[in-house]
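**Student:** let me see the structure of the following:
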Amino acid sequence: MSSQRAVRILAMTALAIVIGCSRKPMREDSSANSSTTLSPKHFKALALADEMEVLSIDPFAKVEQGDETYREYRLLGKAAVTDPVTRRSIVDRISESTGSNDEAKATWCFDPRHVVRTKVGGERFDFVICFECLSMHVHSDAGDEYDYYFLGRNAKPDLDEVLRKAGFPIAR
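**Tutor:** Now for the predicted structure:
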């Protein structure tokens, strides 16, 4: 084996370890790891939400002192979703596109730009969505652990429209 090839293999192994170790933990009991549908608990959190809002976040913006943030991302804005038709559309799009990621990108970029935050029965759920790698993390309350789903692009137009109507930008 040439020394260049050995160095390349060693560098790629080190990179894989760094990327793998830098990710926040998935729940050990997560049934979503192999699920192709939204869990009943998460579907209920969307469909029966007492409150729902859509957040626009920028995964690449520099966060200055005084900027509002969401999980270390710069918060560009948040809009309450009170219209029942819009809520139902968001629920349907997320639910029907969960597990429908035909492109199945394994980029592991996770650079989310959208969050659907719900509150049901006093418990908060954050559906953090990256339409670039087509994946979604679902956090309960403020914990770092999450359930993971592959996701299609179906919900993006609805979420973008909610943010546009409220006058908030969407990160590129």
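**Student:** now do the helices in the protein.
**Tutor:** With DSSP state H as the criterion, the chain has helices at 3-22, 40-47, 84-97, 156-165.
**Student:** can you state the direction angle for the third one and helix 40-47?
**Tutor:** Relative orientation of helix 84-97 with respect to helix 40-47: 150 degrees, computed using axes from the mean of the first three to the mean of the last three Cα atoms, to 10 degrees.
**Student:** oh, and call the first residue 413 from now on, that's how I've got it
**Tutor:** All right, first residue 413 from here; so that's helix 496-509.
**Student:** what does helix 496-509 contact?
**Tutor:** 449-450, 455, 458-459, 461, 464, 466, 493, 528, 539, 548, 563-567, 570-571, 574 (Cβ atoms under 8 Å, 6 or more residues apart in numbering). C-beta coordinates here come from the backbone N, C-alpha and C atoms, glycine included.
**Student:** how far does it sit from the chain's center?
**Tutor:** Distance of helix 496-509 from the chain centroid (Cα atoms, centre = their mean, to the nearest Å) equals 16 Å.
**Student:** could you do the second one as well?
**Tutor:** Between the mean C-alpha location of helix 452-459 and the chain-wide mean there is a distance of 15 Å, by Cα atoms, centre = their mean.
**Student:** quick one: average pLDDT of that helix?
**Tutor:** Averaging pLDDT along helix 452-459 yields 96.
**Student:** tell me what it is packed against?
**Tutor:** For helix 452-459, the elements it packs on are helix 496-509, strand 526-532, strand 535-542, judged by 3 or more Cβ pairs under 8 Å, 6 or more residues apart in numbering; DSSP states H and E.
**Student:** what residues sit buried inside the longest one?
**Tutor:** Residues Thr498, Arg499, Ser501, Ile502, Val503, Arg505, Ile506, Ser507, Ser509 are the ones in helix 496-509 that count as buried (16 or more other Cβ atoms under 10 Å).
**Student:** show me where pLDDT drops low in this protein?
**Tutor:** 413-448, 513-519, 554 (pLDDT under 70).
**Student:** if you set the cut-off to 80 instead, what comes out?
**Tutor:** 413-448, 511-520, 554-555 (pLDDT under 80).
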